[in-house]
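Chemist: Output the structure for:
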Amino acid sequence: QVQLVESGGGLVQAGGSLRLSCATSERTFRNYAMGWFRQAPGKGQEFVASVGMSGSSTYYTDSVKGRFTISRGNAKNTVVLQMNSLKPEDTAVYYCAASVFDPATRPVEYEYWGQGTQVAVSS
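Modeler: Numbers count the residues shown, from 1 in each chain. As a prediction, the model looks like this:
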């Protein structure tokens, strides 16, 4: 069982930045592709970004390209989502997830999920 713990959410004004982190004690962390998803109130789950097992390949949904950056540190078993130029439409609960598939951009491809962290962007 892979346990994932997100941190770094909060309230920020439009145009601001937040840095989300996802940590795990899983020793085989490097064997998983890692992704971030979000779910806004009244909406379905949305893919945000993912990073492959080696960290060299990344994928983003179009609405965050150029604003968000995903990275991983296999030595520290962490994955980070740096979010810049935030917009009110980025408001959602953000979830970290782990997948044995690489690449992985669909929720069905992810087996392990964190509890989520709230991001709120005010206009």
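Chemist: Beta-bridge partners for the most centrally placed residue in the chain, please?
Modeler: Central residue of the chain (Cα atoms, centre = their mean): Trp36, 2.4 Å from the mean position. Beta-bridge pairing for Trp36 (DSSP bridges): Ala49, Cys96.
Chemist: unless I'm mixing things up, it is touching Cys96, no?
Modeler: Yes. The pair Trp36 / Cys96 is scored as a contact, 6.0 Å apart, by Cβ atoms under 8 Å. For glycine as for every other residue, the C-beta is placed from the backbone atoms N, C-alpha and C.
Chemist: Apart from its neighbours in sequence, what residue is nearest Val2?
Modeler: Take Val2 and drop its neighbours on the chain: the residue closest to it by Cβ to Cβ, 6 or more residues apart in numbering is Tyr112, 4.1 Å away.
Chemist: And for Ser123?
Modeler: Closest residue to Ser123 in three dimensions, ignoring its sequence neighbours and counting by Cβ to Cβ, 6+ apart: Pro88, at 4.8 Å.
Chemist: residues of stretch 65-72 that come out buried?
Modeler: For stretch 65-72, the neighbour count (16 or more other Cβ atoms under 10 Å) marks 68-70, 72 as buried.
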